[in-house]
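1. sequence isn't available, so here's the structure alone:
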Ligand code: ARG
């Protein structure tokens, strides 16, 4: 089994002090101590599963930097930095760029004026990249990424504001070539594309989707997912996966969870 290499960022400055998605409410801020414990437990889970976890230094006044899936898109030793849609997060860009440049990644820039929020809006499968647009990433980005990396692109569209990043409503497990997704987050054409592209598809229902069941990640054949999602859990176990569940309540208040807190370095 290949060793997973993951990037995380300590929640030192994590908070909800602005509202840029429907989950965020400045009157319902996270408990800092609990958030730190939940993050530590997630990191320890990855380590226990044999993954390597690298850390990027958090930047003051960037409360969402903890969501490293938004750093950019990594493919081998190439890195396309995100261009955040909202000004509130643009201050993260230089720190992520520096982290990758310092480690010898070739940093490739998207043309100015495009918004793109990284791995959160893309899935890689057999050398083909699935890019989602609708909320945070512009439609043209898909073509641009394809051109820059010389890979095939499948473009899909998000339509439900509660699921504003692809990783909030679709998870892909390379191990077993399986997708877990919430159909209600996509337009008709995208749902068809997903069913055609992936041989094994599990559909999450609205209740579990709203508990961010799809914001999960696999380390080998183990899937780390939010607690209280018994239906998806049973379906995945039937396919041979092992499940570890975690309580990520404080991050849900920001519209994020397990996958958002993690970037794959491959
Ligand atoms: N509060 C953050 C935002 O709205 C949450 C980011 C979630 N990240 C993700 N990969 N889906 O940008």
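-> Yep, that arrived. What you see is a predicted model, and the numbers here were worked out from it, not measured in a lab.

2. ok, residue 81 - contacts?
-> If you count contacts by Cβ atoms under 8 Å, 6 or more residues apart in numbering, residue 81 has them with 71-72, 93, 96-97, 100, 107, 109-110, 118. C-beta: built from backbone N, CA, C; applies to glycine.

3. now it: phi and psi?
-> Torsion angles at residue 81 (phi, psi; degrees, to the nearest 10) stand at phi -70, psi 150.

4. now do residue 142, the pLDDT please.
-> pLDDT for residue 142: 87.

5. secondary structure class for it?
-> Put simply, residue 142 is helix when judged by DSSP: H, G, I helix; E, B strand; the rest coil.

6. ok, now how distant is it from the ligand?
-> 17 Å (Cβ to the nearest ligand atom, to the nearest Å).

7. before we move on, what about residue 261?
-> 8 Å.

8. next, find the distance separating that residue from residue 145.
-> Residue 261 is 23 Å from residue 145, where distance means Cβ to Cβ, to the nearest Å.

9. before we move on, what about residue 75?
-> 9 Å.

10. give me the more crowded residue out of these two.
-> Shown here are residue 75 and residue 145; by other Cβ atoms under 10 Å, residue 145 has more neighbours (23 against 20).

11. what are the boundaries of the strands in the stretch 51-200 of the chain?
-> 52-55, 72-75, 78-81, 106-107, 122-125, 128-133, 153-157, 170-173, 178-181, 200-203 (DSSP state E, counting those that start in this stretch).

12. which residues does residue 245 contact?
-> 225-229, 233.

13. coming back round to it: mind putting the strands of the stretch 51-200 of the chain into CSV with distance to residue 191 and mean pLDDT?
-> As requested, the strands of the stretch 51-200 of the chain are exported to CSV (distance: least, Cβ to Cβ, whole Å; pLDDT from 0 to 100):
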stretch, distance to residue 191, mean pLDDT
strand 52-55, 34, 98
strand 72-75, 24, 94
strand 78-81, 27, 96
strand 106-107, 35, 97
strand 122-125, 15, 80
strand 128-133, 12, 87
strand 153-157, 9, 91
strand 170-173, 11, 95
strand 178-181, 9, 96
strand 200-203, 10, 96
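
14. how about the residues of the chain by the ligand?
-> Selection of the chain residues close to the ligand by Cβ under 6 Å from any ligand atom yields 20-21, 24, 64, 67, 69-70, 89, 120, 165, 167-168, 254-256, 260.

15. for the protein, spot the helix or strand the model is least confident about on average.
-> Every helix and strand of the chain was ranked by mean pLDDT, DSSP states H and E. The lowest is strand 122-125, at a mean of 80.

16. buried ones in that strand?
-> If you call a residue buried by 16 or more other Cβ atoms under 10 Å, then strand 122-125 has these buried ones: 122-124.

17. I appreciate the help and will end here.
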